[in-house]
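[1] just the structure for this:
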Amino acid sequence: MSNFIELKQVSKWFESTAGRFNALRDIDFVIEKGEYIAITGKSGSGKSTLLNMLTGIDHPSEGAVIINATEVQTLNESVLATWRGKNIGIVFQFFQLIPTLTILENILLAMDFVNVIPTKEREKRAEMLLNQVGIGQQKNKLPAALSGGEQQRAAIARALANDPPILVADEPTGNLDSKTTEIIFNLFSELVKSGKTVIVVTHEKTLNPDYDRIITLRDGVVVDDKKAINSKHL
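    Predicted coordinates:
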């Protein structure tokens, strides 16, 4: 194991006419390669801001975000976009699939943007990913023709399009029923077993016993960072 992801004294604040709002304060933790992590906390605890730090969508006001030896906050926007495409797959709560493209085309487009997968291999890989998440038969359908759970599985396949070592999921089961939630979490567990580092930003009440660690935020501060008692990956 190694320090694959490291946050060093990360703080983030926003200035407004009402004064400074501290979204994150002195966040300091390490995630090892292949860990399955939950970042939890109530609404307003800083989860989304922390996710933005981890993915490079936003930069810290102070501190450093180091991922696989790269100081993310030092990259300019064009370099950052390429870096993110190669290193991090992001799964959104509301799927964010392009509605006018088929499920297969959504995945191919993600490959086109990053240009890591050789052109001649892309369609085969896209079909493999859709089969991996259990919706290969839906590949030629538009997102609107799929159920919420199927759309989320398609979004996971798209996040994996360029074979990134890290998968970050933002409230990935917030709009799904319990059966579909279980399917999604089982997918994440399989990805961890295959060597991916998976970070799930989630509400406190939707914890999955497969997590290796649970990092809890409150008012922008880490108030707990503990190994999950029932983790299957320990």
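[2] now for V201: which residues touch it?
    V201 is in contact with 38-40, 47-48, 50-51, 168-171, counting by Cβ atoms under 8 Å, 6 or more residues apart in numbering. Just so you know, the C-beta spots here come from the backbone N, C-alpha and C atoms, and that holds for glycine as well.
[3] can I assume L191 is in contact with V168?
    No - the criterion here is Cβ atoms under 8 Å, and L191 misses it with V168 at 11.9 Å.
[4] picking up where we left off before, and the contacts of V201, which is closest to A157?
    Nearest to A157, judged by Cβ to Cβ, of the contacts of V201 is A169 at 12.9 Å.
[5] ok, the host helix or strand of the closest one: who's next to it in the sheet?
    Taking DSSP states H and E as the definition, one finds A169 inside strand 166-170. As defined by DSSP bridges, the strand partners of strand 166-170 come to strand 88-91 (parallel), strand 197-202 (parallel).
[6] contacts for the shortest one, please.
    In this case it means strand 88-91. 54-56, 67, 152, 155-156, 158-162, 164, 166-170, 172.
[7] that strand - what's its average pLDDT?
    Model confidence over strand 88-91 averages 92 on the pLDDT scale.
[8] and what of the longest one?
    With pLDDT averaged residue by residue, strand 197-202 scores 93.
[9] give me the distance between the two termini of stretch 10-22.
    Using Cα to Cα, to the nearest Å, the end-to-end distance of stretch 10-22 comes to 11 Å.
[10] quick one on the thing from earlier: now, among the contacts of V201, which is nearest to K12?
    Among the contacts of V201, and counting by Cβ to Cβ, the member closest to K12 is L50, at 8.4 Å.
[11] SS state for the closest one?
    helix (DSSP: H, G, I helix; E, B strand; the rest coil).
[12] same check, this time on A155
    helix.
[13] can you report phi and psi for the residue nearest to it when sequence neighbours are not counted?
    Closest residue to A155 apart from its sequence neighbours, by Cβ to Cβ, 6 or more residues apart in numbering: F95 at 4.7 Å. Torsion angles at F95 (phi, psi; degrees, to the nearest 10) stand at phi 70, psi -50.
[14] got TSV for the strands paired with strand 166-170, with distance to T17 too?
    TSV is the format used below for the strands paired with strand 166-170 (distance: least, Cβ to Cβ, whole Å):
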stretch	distance to T17
strand 88-91	32
strand 197-202	29
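[15] tell me which of those strands lies nearest to E121.
    strand 88-91 (17.6 Å).
[16] that older thread, between the strands paired with strand 166-170, which one is closest to I5.
    Once those are compared by Cβ to Cβ, strand 197-202 is nearest, at 7.1 Å.
[17] next SSE downstream of that closest one?
    strand 213-218.
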